[in-house]
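> mind looking at a prediction? Sequence and model below.
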Amino acid sequence: MTRFEDLPYRPCVGQCVVNRDGLVLIGRRADGPEHIDETHVWQMPQGGLDADEDTYDCALRELYEETNIRSVKRIGAIDDWLTYDIPRAILGQAWKGRYRGQTQKWFALRFTGDDSEIDIEHPAGGKHEPEFIAWRWEPMRNLPNLVVPFKRPVYERVVQEFSKLAKK
């Protein structure tokens, strides 16, 4: 068995979708071994980067596959890749044990559509399995306290980098 420290990080993108009121879209995850309570089940949309896929193209694809949203405008990006490790206790349950965590490229997107565009029950026009069971708009400053604790440093950095973009 490969040692935890020798496992690679799963390359991903994250989307901080900000509406006209300066609130951020979060979704309640349907499941996952990392969810230990009812408070820390929320997260911003994110997803895996395919081989040779452009990170911004991936961000748009993943956002559509998780929320049905297409009406966005890029308003920012974090130059660095942000990384987190998953708890060792769930290693074999997450990503079939192939990754020790994720390395993520984050984008800030202004939502230019109407809330009726958001469809987490039939994302990607019904061509993708739902990943969220609920969604809401949330003040950006609250995000680090709603995500699973091991992702908190990444969310703190996202808030630090994008909070000026959330202002109306």
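Cool, got the structure.
> for the lengthiest helix in the chain, which positions count as buried?
Among the segments of the chain that qualify as a helix by DSSP state H, the longest is helix 55-67. Neighbour-count burial for helix 55-67 flags 55, 58, 59, 60, 61, 62, 63, 64, 65, 66, 67 (criterion: 16 or more other Cβ atoms under 10 Å). The C-beta positions use only the backbone N, C-alpha and C, and glycine is treated the same way.
> mind picking out the helix or strand in this structure with the poorest mean pLDDT?
helix 123-126 (a mean of 90; mean pLDDT, DSSP states H and E).
> restricting to C-alpha, output that helix in PDB.
In PDB, the C-alpha atoms belonging to helix 123-126 read as follows (Å, rounded to 0.1, in the frame of the first residue of the first chain):
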ATOM      1  CA  PRO A 123     -27.800  19.700 -13.200                       C
ATOM      2  CA  ALA A 124     -26.400  20.000 -16.700                       C
ATOM      3  CA  GLY A 125     -30.000  19.800 -18.000                       C
ATOM      4  CA  GLY A 126     -30.500  16.500 -16.300                       C
END
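> that helix: what's the following helix or strand?
Next helix or strand after helix 123-126 toward the C-terminus (DSSP states H and E): strand 132-139.
> partner strands of that next one and their direction?
According to DSSP bridges, strand 132-139 forms sheet pairs with strand 23-29 (antiparallel).
> what average pLDDT does the partner strand get?
For strand 23-29, the mean pLDDT works out to 95.
> which residues are in contact with it?
Strand 23-29 has contacts (Cβ atoms under 8 Å, 6 or more residues apart in numbering) with 16-19, 35, 41-45, 66-67, 69, 111, 118, 120, 131-140, 143, 146, 166.
> cool, stretch 72-80 as well?
Contacts for stretch 72-80 (Cβ under 8 Å, 6+ apart): 16-18, 56, 60, 63, 105-113, 157-158, 161-162, 165.
> could you list the low-pLDDT ranges of the protein?
By pLDDT under 70, the weakly predicted segments of the chain are 1, 31-39, 91-95, 168.
> show me where it has its strands.
Ranges of strands within the chain are 9-18, 23-29, 42-43, 46-48, 72-77, 82-85, 101-111, 132-139, based on DSSP state E.
> just so I know, which of the ones you listed lies nearest residue 153?
Closest to residue 153 of the strands of the chain is strand 82-85 (Cβ to Cβ; 6.8 Å).
> who does that closest one touch, helix- and strand-wise?
On a contact count with 3 or more Cβ pairs under 8 Å, 6 or more residues apart in numbering; DSSP states H and E, strand 82-85 meets strand 101-111, helix 152-162.
> would you mind finding the most buried of the ones you listed?
Mean neighbour count, computed with mean count of other Cβ atoms under 10 Å, is highest for strand 101-111 among the helices and strands packed on strand 82-85, reaching a mean of 23.
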